[in-house]
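> sequence and predicted structure below; questions after.
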Amino acid sequence: MLETEKQTLEDELASHGRVQSETGDWQGASQGFEGQESDPNDVADQIEELATNVPLVEELEDRHVDVTEALEKMEEGVYGICEACNEPIPLERLKANPAARTCIQHADEV
Ligand SMILES: [Zn+2]
């Protein structure tokens, strides 16, 4: 389930942004924004696309980090443990949000 979500997020990131080769961070981008002669309407479209993609990619990247951390925890055998109180996170919560790092009581604390 998490693996699938991670793959989906990576696909989404790839279609809305590009990886910065130096840092490995994702950055919002529009397709074909660079290296092309284009008329002003195209440029306006691309700027609009960029304005949409930049926050979108940031959100996707946050989510990607959460999912990646959840997968690492699974490997370490500490998946599904609240980071605030070390109690097991209820299964219902994990079903709703597989990347949850805390129980419901501590949802706002981490
Ligand atoms: Zn807790």
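Alright, I've got the coordinates.
> start from the N-terminal end of the chain and give the helices.
Assigned by DSSP state H, the helices in the chain fall at 2-16, 40-76, 91-96.
> residue ranges with poor pLDDT in this protein?
Regions of the chain meeting the criterion pLDDT under 70 cover residues 31-38, 110.
> around the ion, pick out the residues from it.
Within reach of the ion by C-beta under 5 Å from the ion, the chain has these residues: 82, 84-85, 103, 106. For every residue, glycine as well, the C-beta is placed using N, CA and C.
> neighbour count added to those, as a markdown table?
Below are the residues of the chain next to the ion laid out as a markdown table (neighbours: other C-beta atoms under 10 Å):
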| residue | neighbour count |
| --- | --- |
| Cys82 | 21 |
| Ala84 | 15 |
| Cys85 | 13 |
| Cys103 | 20 |
| His106 | 15 |
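> same list, those residues, but as TSV with distance to Glu92 please.
Listed next are the residues of the chain next to the ion as TSV, based on distance: C-beta to C-beta, whole Å:
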residue	distance to Glu92
Cys82	14
Ala84	18
Cys85	17
Cys103	11
His106	16
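> farthest-apart pair in the residues you listed, please.
Within these, Ala84 and Cys103 form the most distant pair, 7.4 Å apart (C-beta to C-beta).
> now do the buried residues in stretch 81-99.
Neighbour-count burial for stretch 81-99, with 16 or more other C-beta atoms under 10 Å as criterion, is recorded at 81-83, 89, 93-94, 98-99.
> what lies in contact with that stretch?
1-2, 5, 63, 66-67, 69-70, 73, 80, 100-106, 109-110 (C-beta atoms under 8 Å, 6 or more residues apart in numbering).
> which of these are buried?
The neighbour-count test (16+ other C-beta under 10 Å) marks 2, 5, 63, 66-67, 70, 73, 80, 100-103 as buried among those.
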